[in-house]
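Asks: next input, structure requested:
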Amino acid sequence: MDLSPEQQRALDYLRRKGTEAPVERLREHVAGTFAELEALLDGVPRALRTSRPGPGRWSVQEVVDHLVESHRPALAQLRSLVAGERPAGGPVPASLQSAAPHAIPWDDLVAELRAIDRGFREVLASAGDASLEVTGPIVMVVKVADEAGAVAPVSSEHELDWKAFAQVFRVHTVQHRDQIRATLSALGQSTA
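Replies: This is a model prediction of the structure:
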């Protein structure tokens with residue numbers, strides 16, 4: 001598969017910050033990212049949770065729903081990888097959401113995300129020197145510039161070891177944390 005420079009940079013980043021990173025640093029970065037997201041969610045005003053900042057854009061509740069729906073199966077896959085087993089099934093689809101994201105009570109949704117985040121931290125705490133030989137599939141979405149300079153998301157499937165896999169979901173969380181901040185800002189709420 002021919003990769004764009006942006007896709008190759010993303011894979012190189014996952015190798016450096018995942019596969020080759022000391023386990024303790026990976027644990028710290030994952031825990032720190034999840035803590036930042038949880039603190040941000042604690043401050044989202046009730047009135048803004050389901051408001052969309054514009055047509056075709058997600059509300060904060062929809063972003064949190066997406067994180068729950070995508071990180072839940074990713075946690076099971078990470079457990080398999082750390083246990084030295086190839087995860088069952090295929091990669092977690094991009095843009096995954098529940099059937100009715102706004103129907104789920106906010107407190108329940110946030111509590112489930114916290115439980116999943118705790119699960120990621122527990123798996124990483126138990127990983128130790130787990131083998132990097134076993135890999136699992138992920139769908140990576142990277143913004144790629146075309147010949148005219150227009151940027152569009154491009155998805156591709158890759159095989160990653162457990163450390164790079166954990167880094168993918170840390171980065172995924174960072175991107176959606178930033179999306180929540182941008183959403184709140186567009187709705188007139190300071191996130192500083």
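Asks: quick one, strands of the chain?
Replies: Listed in chain order, the strands of the chain (DSSP state E) span 136-145, 151-160.
Asks: partners of the last one, with directions?
Replies: Each strand pairing with strand 151-160, determined using DSSP bridges, is listed with its direction: strand 136-145 (antiparallel).
Asks: okay, the strand it pairs with in CSV with CA atoms only?
Replies: What follows is strand 136-145, C-alpha atoms only, in CSV (Å, rounded to 0.1, in the frame of the first residue of the first chain):
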residue,chain,number,x,y,z
GLY,A,136,-4.1,-6.2,15.9
PRO,A,137,-5.9,-4.2,13.2
ILE,A,138,-6.7,-0.5,13.6
VAL,A,139,-8.3,1.9,11.2
MET,A,140,-6.2,5.1,11.1
VAL,A,141,-7.8,8.3,9.9
VAL,A,142,-5.3,11.0,8.9
LYS,A,143,-5.9,14.3,7.3
VAL,A,144,-4.1,14.3,3.9
ALA,A,145,-3.6,17.2,1.5
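Asks: for it, which outside residues touch it?
Replies: Where contact means C-beta atoms under 8 Å, 6 or more residues apart in numbering, the residues beyond strand 136-145 that reach it are 4, 6-7, 10-11, 77, 80-81, 86-87, 90-94, 151-160, 162, 165, 168. Placement of C-beta: from N, CA and C, glycine included.
Asks: residues contacting the closest residue in space to Leu187 that isn't next to it in sequence?
Replies: Take Leu187 and drop its neighbours on the chain: the residue closest to it by C-beta to C-beta, 6 or more residues apart in numbering is Leu48, 5.1 Å away. If a contact means C-beta under 8 Å, 6+ apart, then Leu48 has Val60, Leu184, Leu187, Gln189 as its contacts.
Asks: tell me the spacing between the second one and Leu40.
Replies: Just to be clear, that refers to Leu184. Computed as C-beta to C-beta, to the nearest Å, the Leu184 to Leu40 distance reads 8 Å.
Asks: likewise the last one?
Replies: To Leu40, Gln189 is 11 Å away according to C-beta to C-beta.
Asks: quick one: the helices in the chain?
Replies: 5-14, 23-42, 60-82, 106-127, 162-186 (DSSP state H).
Asks: just name the most buried of those helices.
Replies: helix 60-82 (a mean of 21; mean count of other C-beta atoms under 10 Å).
Asks: by contact count, what packs against that one?
Replies: Helix 60-82 sits against helix 23-42, helix 106-127, strand 136-145, helix 162-186, with contacts defined as 3 or more C-beta pairs under 8 Å, 6 or more residues apart in numbering; DSSP states H and E.
Asks: the ones you listed: lowest mean pLDDT?
Replies: For the helices and strands packed on helix 60-82, the bottom mean pLDDT is recorded on strand 136-145, which sits at a mean of 93.
Asks: done for today, thanks.
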